[in-house]
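Undergrad: next one to model:
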Amino acid sequence: MSDIRPELVRGLTRPRAAAPPARVGVSRRRALQLMGTGLVLAGCGVDGQGGKAAVGRSDVQEYWSGRSGNGRLRWANWPGYMQDDHETIKAFEKATGIGVTYREVIQETGPWFGKIQAPLAAGQSIGFDLMVMTNGIQLEKCRQLGYLAPLDRSRLRNFAANAGPTYRNPSYDPGNAFTVPYQSGITGIAYNTRYVKDEITSIAQLFDPKYKGRVGMLGDSQELGSFGMFLLGVDPERSTPADWERAAARLREQRDRGIVRKYYTQDYVDAVSKGDVWLTMAWSGDVYSLTSPDVKFVVPEEGGTLWTDNLCIPRTAENPVDALTLIDWLYVPANNAPLTEFVNYITPVPAVREIVAADAAKATGAERRELTRLSTSPLVFPSQADLARLRRYRRLTQAEETRYQRIFEPIAKGS
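TA: Got it, this is the predicted structure:
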């Protein structure tokens with residue numbers, strides 16, 4: 001029988017699962033990644049192919065000049081990234097008077113980009129004023145092609161005051177020119193202590209022949225490639241095509257020696273819980289949702305990946321001021337805390353931890369236990385030591401993306 005708690009599965013891994021069914025008879029908790037405080041962007045970023053990915057003061061002023069709020073916005077998000085009763089949205093609407101139309105229409109980043117590319121290229125509305133996109137290939141394309149509105153930092157005072165240092169000036173969006181984080185997660189290693197008696201601390205253990213046929217790897221090319229580079233002591237963000245080739249050679253060797261049982265999307269969770277695989281690449285939020293005390297999660301000594309789902313405004317948004325108001329409102333710790341208590345991923349607002357701990361102290365029974373676990377979990381509130389070992393995906397130009405994918409995609413496909 002699976003060790004996953006159904007009431008905590010949010011479907012938040014890439015690709016996310018369908019949203020869980022509504023739950024009833026439960027409490028408010030539903031059952032239980034610098035600009036410093038600068039308010040205007042200086043020039044930053046890189047010139048992209050087919051568009052301008054750098055942004056300066058004049059770009060921000062040109063976009064936002066004369067714009068005002070309309071009292072409404074339309075938000076596109078992933079399934080499971082909001083309370084079932086939309087508690088956070090209702091609180092925002094009450095506080096600001098802005099009406100929100102919320103749709104869970106993003107299932108995977110690739111297909112989502114494919115859907116919005118044509119209208120954005122034509123300068124047309126995509127029907128949404130705010131969307132959530134994971135750092136990676138498609139978000140980088142949006143930046144380079146000029147599809148995103150430059151953010152007016154003078155209207156993001158709560159972000160300036162409350163965002164954690166890890167989430168300011170990220171490598172994938174220097175100076176937070178176009179994005180601010182919504183939620184983050186860690187790619188590390190999960191292992192089942194019923195079968196693995198050694199302490200797992202290293203990516204090298206995923207390549208150990210003694211675990212032949214019992215290792216899981218993620219099939220996503222950026223995740224897989226990053227772990228191959230970590231194994232070699234290479235920072236993926238600073239990697240070269242020569243590094244990609246060396247990492248791919250090690251990953252092919254791991255595959256060809258029969259060490260890898262399967263390349264997973266999301267179904268590794270059941271596999272590691274049941275012992276089909278004994279150790280696997282894993283996302284932190286998945287492991288948090290397990291009841292089994294046998295399954296542990298570790299950030300490897302070589303490093304792990306910090307991925308971030310980002311709030312960004314399409315350049316053709318009809319209500320960008322209202323979208324920016326929501327973005328900044330979410331960076332008030334008291335506003336962010338209920339969302340974090342539901343989602344169970346890493347919040348970019350560190351002060352939320354104190355609020356969750358205070359909520360735990362006021363709660364009773366199962367809710368108190370869950371909130372206490374949440375406030376003390378390194379999977380939700382990672383230590384600075386763990387964060388220091390994390391790296392993000394490398395930003396790829398169009399030409400680099402083609403080469404990168406040609407190197408890593410065949411590995412999981414067996415070719």
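Undergrad: can I assume Asp294 is in contact with Thr193?
TA: Yes: at 5.0 Å, Asp294 counts as touching Thr193 under the criterion of Cβ atoms under 8 Å. Just so you know, the C-beta spots here come from the backbone N, C-alpha and C atoms, and that holds for glycine as well.
Undergrad: quick one: the strands in the protein?
TA: Here the chain has its strands, by DSSP state E, at 72-77, 99-104, 130-134, 179-192, 215-218, 260-264, 279-283, 295-298, 304-312, 390-391.
Undergrad: compare those and report which one is nearest to Asp235.
TA: Comparison of the strands of the chain against Asp235 by Cβ to Cβ identifies strand 390-391 as nearest, at 5.6 Å.
Undergrad: go ahead and confirm Thr109 touches Met133.
TA: Yes: applying Cβ under 8 Å as the test, Thr109 and Met133 come out as touching, 6.1 Å apart.
Undergrad: higher neighbour count, those two?
TA: Between Thr109 and Met133, counted using other Cβ atoms under 10 Å, the more crowded position is Met133 (25 against 20).
Undergrad: can you pull the contacts of the closest residue to that one other than its chain neighbours?
TA: Closest residue to Met133 apart from its sequence neighbours, by Cβ to Cβ, 6 or more residues apart in numbering: Leu139 at 4.7 Å. Residues counted as contacts of Leu139 (Cβ atoms under 8 Å, 6 or more residues apart in numbering) are 109, 133, 172-173, 179, 310, 312.
Undergrad: farthest-apart pair in those, please.
TA: Thr109 and Asp173 (15.0 Å).
Undergrad: Gly185: neighbour count?
TA: For Gly185, the count of nearby residues is 26 (other Cβ under 10 Å).
Undergrad: so what sits opposite it in the bridge?
TA: Beta bridges link Gly185 to Trp307 when assigned by DSSP bridges.
Undergrad: so it versus Leu73, what's the distance?
TA: Counting by Cβ to Cβ, to the nearest Å, the gap from Gly185 to Leu73 is 26 Å.
Undergrad: one more: Asp276?
TA: 44 Å.
Undergrad: for Ser284, same thing?
TA: For Ser284, the distance to Leu73 equals 30 Å [Cβ to Cβ].
Undergrad: and for Ile203?
TA: As judged by Cβ to Cβ, Ile203 and Leu73 stand 42 Å apart.
Undergrad: which one's more surrounded, those two?
TA: Using other Cβ under 10 Å as the criterion, Ile203 and Leu73 rank with Leu73 on top: 26 against 22.
Undergrad: got a list of what that one touches?
TA: By Cβ under 8 Å, 6+ apart, the contact set of Leu73 is 98-101, 129-130, 319, 322-323, 326.
Undergrad: surely Gln222 meets Gln138?
TA: No: when contacts are counted by Cβ under 8 Å, Gln222 is not listed as touching Gln138 (10.9 Å).
Undergrad: pLDDT weak spots in this protein?
TA: Across the chain, the ranges flagged by pLDDT under 70 are 1-54, 291.
Undergrad: leaving out sequence neighbours, find the closest residue to Gly99.
TA: Leaving aside its sequence neighbours, Gly99 sits nearest to Arg72 (Cβ to Cβ, 6+ apart; 4.6 Å).
Undergrad: show me what contacts the one you found?
TA: By Cβ under 8 Å, 6+ apart, the neighbours of Arg72 are 98-101, 319, 322.
Undergrad: redo the residues you listed as a markdown table? Include neighbour count and distance to Thr240.
TA: Conversion of the contacts of Arg72 to a markdown table gives the following (neighbours: other Cβ atoms under 10 Å; distance: Cβ to Cβ, whole Å):
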| residue | neighbour count | distance to Thr240 |
| --- | --- | --- |
| Ile98 | 21 | 46 |
| Gly99 | 15 | 49 |
| Val100 | 20 | 44 |
| Thr101 | 13 | 45 |
| Asn319 | 22 | 42 |
| Asp322 | 26 | 43 |
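Undergrad: ok, these vs Phe230, which is closest?
TA: Val100 (39.7 Å).
Undergrad: so the closest one touches Asn77, yeah?
TA: No: taking contacts as Cβ under 8 Å, Val100 lies outside contact range of Asn77: 10.8 Å.
Undergrad: now Gly228. Nearest residue, chain neighbours left out?
TA: Counting by Cβ to Cβ, 6+ apart, Ala247 is the residue found nearest to Gly228 once chain neighbours are left out, at 3.1 Å.
Undergrad: same question but for Gly71, I mixed them up
TA: Taking Cβ to Cβ, 6+ apart as the measure, Gly71 lies nearest to Ile98, with 5.5 Å between them; neighbours along the chain are not counted.
Undergrad: doesn't Asp322 make contact with the one you found?
TA: Yes: checked against Cβ under 8 Å, the pair Ile98 and Asp322 is within contact range at 5.0 Å.
Undergrad: give me the common contacts of these two.
TA: Counting by Cβ under 8 Å, 6+ apart, the common neighbours of Ile98 and Asp322 are 69, 71-73.
Undergrad: tabulate these (a markdown table), appending distance to Thr376.
TA: Putting those into a markdown table (distance: Cβ to Cβ, whole Å) gives the following:
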| residue | distance to Thr376 |
| --- | --- |
| Gly69 | 39 |
| Gly71 | 40 |
| Arg72 | 39 |
| Leu73 | 35 |
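Undergrad: which of the residues you listed sits closest to Leu290?
TA: Distance to Leu290 across the shared contacts of Ile98 and Asp322 (Cβ to Cβ) is lowest for Leu73, with 35.7 Å.
Undergrad: bridging residues for that closest one?
TA: Applying DSSP bridges, one finds that Leu73 bridges with Val100.
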